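Participant: Curious how this folds, go ahead:
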Amino acid sequence: MSPNPFDPTFDQLPHSIPVFPLTGVLLLPRGKLPLNIFEPRYLAMTRDALAGDRMIGMIQPMPREGAGPPSLYPMGCAGRITSFTETEDGRFLVTLTGVCRFRPGLELATTRGYRRVVPDWGGFEADLEETDGGIDRPRLLAGLKAYFRQQDISANWDAIGEAPDERLVTSLSMICPFEPPEKQALLEAPDLPTRAKMLLALIEMAVHDKGGGDPCCH
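Facilitator: Numbers count the residues shown, from 1 in each chain. So this is what the prediction gives:
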């Protein structure tokens, strides 16, 4: 795949980014995340991002302890606004495309209500390069078919079969309704083969869990 001319290079990644803390929401490099923005502070965040580098950091908040804003998980993923629509009832519908993971550093003061941090991009240079291979694709597809059968989900198996390895693993990791710590573990996996093995383990555990959970979609 040809590089997107609008994507930043590693040395062009910003020195500070707004963060959007959402529990159970995962963004991975090159993943597509639709967002429905309606809170005033996040409307302000979106306006500011659109006026600048269009970058927003998705990160999960830790369980709240006491007063004040919750702490953040130790890793998130920054995405670039690649689609934007405004609605007549005052909402923004945006799509974030994942660019690079980060570790949140110093939290900066803001006058617009949303949170902003200095991101540490160190060690994530490879996030900007698409990778494929190194996954047990037949076993993953077999587990996925069993999971979808259990959850009574229909799927376009031809499209799934043709999807490149990274796109398949990224999409499944983002949309499947895993618990927040499991989503975080998928985010923190160091490479595609490790993430694929973790994803397969979560799917196979769900297949054997008669409680099942919600279908793998939002």
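Participant: just the helices in the protein please.
Facilitator: Taking DSSP state H as the test, the helices found in the chain are 40-51, 137-151, 157-162, 165-175, 180-188, 192-208.
Participant: Spit out the contact partners of residue 99.
Facilitator: Neighbouring residues of residue 99 by CB atoms under 8 Å, 6 or more residues apart in numbering: 7, 8, 13, 29, 55, 77, 78, 79, 80, 127, 128. For the C-beta atoms, the positions are set from N, CA and C on the backbone; glycine is no exception.
Participant: What are the structural domain limits within this structure?
Facilitator: The chain breaks down by automatic domain parsing into domains covering 10-128, 137-208.
Participant: before we move on, back to that, now, of the helices of the chain, which is deepest in the fold?
Facilitator: Among these, the stretch with the highest mean neighbour count (mean count of other CB atoms under 10 Å) is helix 165-175, at a mean of 21.
Participant: And that one, what does it pack against?
Facilitator: Here helix 165-175 touches helix 137-151, helix 192-208, going by 3 or more CB pairs under 8 Å, 6 or more residues apart in numbering; DSSP states H and E.
Participant: Those: which one's closest to residue 176?
Facilitator: Nearest to residue 176, of all the helices and strands packed on helix 165-175, is helix 192-208, at 7.3 Å by CB to CB.
Participant: Next, the angle helix 137-151 makes with the closest one.
Facilitator: 30 degrees (axes from the mean of the first three to the mean of the last three CA atoms, to 10 degrees).
Participant: ok so, going back, closest to residue 140 among the contacts of residue 99?
Facilitator: residue 29 (19.1 Å).
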